[in-house]
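Colleague: build me a model:
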Amino acid sequence: MTHSQSNSPKHYTQLNAEERGMIDALYHTHELSYHEIAAEINRSASTVKREIDRASVRQLHSNRLPFHDYFADAAQAQHEKLRHHDYRKMHVQGRWRSFFNWLVAKVRKDHAGFREQSVDGYVHLFE
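Modeller: Alright, predicted model coming up:
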């Protein structure tokens, strides 16, 4: 029995809109399994499963019972939204007001020993 291992790094490329469209068509029209879809688009079955699980949207049947379904356009829109989202910027913008309110209160309390050069020292105290 032979076993091949490669020391070269694997290069992952994200699914593109065309691949998402193919997943959508194969999943709905031909009702193929994850493995069959993966073989068609030359991806791993786990990639296909993760894509369908991650990008499925909640729908309601006519009997008002919820179910999840995969749509390529919704998956691509979600991908684009997350791809261009700057989480660090969001985190800083969400906390800057509370930081400055805290800083003003702290400086007013410690005014006697405050020096302008020591503002960065207060940054490290902020939780």
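
Colleague: residue ranges of the strands in this structure, please?
Modeller: 56-60, 66-70 (DSSP state E).

Colleague: of the ones you listed, which is nearest K109?
Modeller: Ranking the strands of the chain by proximity to K109 (C-beta to C-beta) places strand 56-60 first, at 49.4 Å. For the C-beta atoms, the positions are set from N, CA and C on the backbone; glycine is no exception.

Colleague: pull that closest one out as CSV, backbone CA atoms only.
Modeller: Extracted as CSV, the C-alpha positions of strand 56-60 are listed here (Å, rounded to 0.1, in the frame of the first residue of the first chain):
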residue,chain,number,x,y,z
SER,A,56,-28.3,28.5,3.2
VAL,A,57,-31.1,30.9,3.9
ARG,A,58,-34.2,30.3,6.0
GLN,A,59,-37.4,30.0,4.0
LEU,A,60,-41.0,29.2,4.9
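
Colleague: for that strand, packing partners?
Modeller: strand 66-70 (3 or more C-beta pairs under 8 Å, 6 or more residues apart in numbering; DSSP states H and E).

Colleague: and if we set it to 10 Å?
Modeller: With contacts taken as 3 or more C-beta pairs under 10 Å, 6 or more residues apart in numbering; DSSP states H and E, strand 56-60 sits against strand 66-70, helix 72-83.

Colleague: hmm, back to that, out of the strands of the chain, nearest to R97?
Modeller: strand 56-60 (33.7 Å).

Colleague: ok, the closest one: who's next to it in the sheet?
Modeller: strand 66-70 (antiparallel) (DSSP bridges).

Colleague: list the contacts of the partner strand.
Modeller: Strand 66-70 is contacted by residues 20, 23-24, 27-28, 51-61 when judged by C-beta atoms under 10 Å, 6 or more residues apart in numbering.

Colleague: no further queries at this time; thank you.
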